[in-house]
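In: Sequence first, predicted model second:
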Amino acid sequence: MITRLVLLLSVLLVTLTIAIGQSSWTPPHTADGQPDLQGTWTSATLTPFERPAEFKDKAFLTKEEAADWAAKHARSDAPPAEGDPGTYNAIWFDSGTSVVKTMRTSLVIDPPDGKVPLTREAEARRNFNLAHNADSWEYMSLWDRCITRGVPGGMFPAGYNNAYQIIQTPGYVTIVAEMIHDARIIPVDGRPHAPSSVRFWNGDSVGHWEGNTLVVDTTNFNGKGWAATSASAGRVRGVPQSVDAHVVERFTREDANIITYRVTIEDPIYFAKPWTVSLPMTSDPTYRIFEYACHEGNQAVPNVLSAGRVHDRDAASK
């Protein structure tokens with residue numbers, strides 16, 4: 001009896017091992033042995049950044065709810081209402097046509113309620129920045145000023161230009177973002193961070209591999225950036241980023257077509273506790289990234305500031 005039981009368990013173990021082996025996916029590697037993340041990836045999605053009130057206690061959507069959400073929030077080519085000057089029509093946007101494959105109700109996965117834990121200081125500074133947008137360039141978005149969308153803000157989906165090209169060379173991983181044409185050159189050779197006296201708009205990023213996952217640790221921010229610059233980030237747009245900000249990103253290639261991007265943000269001045277965003281980046285070899293010549297055609301700063309001065313004169317004349 002014992003012999004038969006041992007034999008049965010052995011057969012089950014072998015069967016399970018074969019099944020696991022058949023279902024697992026082994027990522028390709030570069031010539032120098034790095035897990036290969038290279039290619040063009042997109043992150044357009046209709047999944048909201050934070051969880052909407054209508055899904056207050058629900059982390060995941062049903063198929064029916066996902067289809068209904070997509071129908072309500074997809075871009076429309078309908079003409080603006082009378083008196084509305086309108087904005088770009090749908091052809092200029094690339095914010096996705098569905099929620100991401102995770103079926104989550106928000107990109108924020110921690111805290112569990114899907115809400116970013118903003119401090120009162122964060123809300124006050126954000127409200128001031130947005131209210132004084134037309135008063136001075138220093139209150140304007142870094143994106144409007146063509147500087148950067150920030151780290152990790154540049155990885156958060158926006159209304160368009162949600163593509164990233166990943167290039168790997170010995171000792172480095174480079175991530176080229178379509179929006180503003182930022183290029184992050186991340187060493188993965190074991191070096192430490194730059195001295196704390198050296199500060200950058202996008203911080204100092206150093207990477208290492210944990211199995212098939214690229215882990216990127218970023219510190220040394222200059223304290224002049226924003227946590228997020230796109231309106232898609234909702235309440236987080238306009239929240240500053242302090243010199244004490246700490247960002248840890250994880251890029252895990254799940255299969256030939258998906259990289260799971262996961263980032264945890266800490267900043268004791270502006271966030272009550274660390275918070276985490278997760279989203280899939282989908283391979284799209286046919287996607288072409290064109291130059292994002294921000295400064296060359298940018299009229300946002302002079303237009304916003306000149307309109308602000310007109311508003312001041314109108315207010316003074318009343």
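Out: Good, I have the coordinates.
In: For D255, which residues are in contact?
Out: For D255, the contacting residues are W25, by CB atoms under 8 Å, 6 or more residues apart in numbering. Where C-beta positions appear, they are placed from N, C-alpha and C, glycine not excepted.
In: Over to the one 4 residues further on?
Out: By CB under 8 Å, 6+ apart, I259 lies in contact with 37, 41, 251-253, 280-281, 283.
In: And Q168, by the same measure?
Out: 30, 34, 36-38, 174.
In: Okay, and the beta partners of the nearest residue to V176 once chain neighbours are set aside?
Out: Sequence neighbours aside, Q165 is the residue nearest to V176 in space, at 4.4 Å (criterion: CB to CB, 6 or more residues apart in numbering). Listed by DSSP bridges, the beta-bridge partners for Q165 are T40, V176.
In: if we can go back for a sec, take the contacts of I259 and keep only those in helices.
Out: Among the contacts of I259, no member is found in helices (DSSP state H).
In: Please flag which of those sit within strands.
Out: Using DSSP state E, the subset of the contacts of I259 located in strands is 41, 251-253, 280-281, 283.
In: Out of the residues you listed, give me the two with the largest separation.
Out: Farthest apart among those by CB to CB are T252 and S283. That separation is 13.8 Å.
In: what are the ranges of the helices in the chain?
Out: Assigned helices in the chain, in chain order: 2-23, 63-73, 120-131, 294-297, 300-317 (criterion: DSSP H).
In: how far is the second one from where the chain is centred?
Out: Taking CA atoms, centre = their mean, to the nearest Å, one finds helix 63-73 lying 22 Å from the centre of the chain it belongs to.
In: how much space is there between A194 and I186?
Out: Taking CB to CB, to the nearest Å as the measure, A194 falls 13 Å from I186.
In: repeat for G211
Out: Plainly put, G211 is 17 Å away from I186 if you go by CB to CB.
In: Which one's more surrounded, those two?
Out: Applying other CB atoms under 10 Å to G211 and I186 shows that I186 carries more neighbours, namely 20 against 8.
In: where are the low-confidence patches of this structure?
Out: Along the chain, segments meeting pLDDT under 70 span 1-24, 76-78, 86-91.
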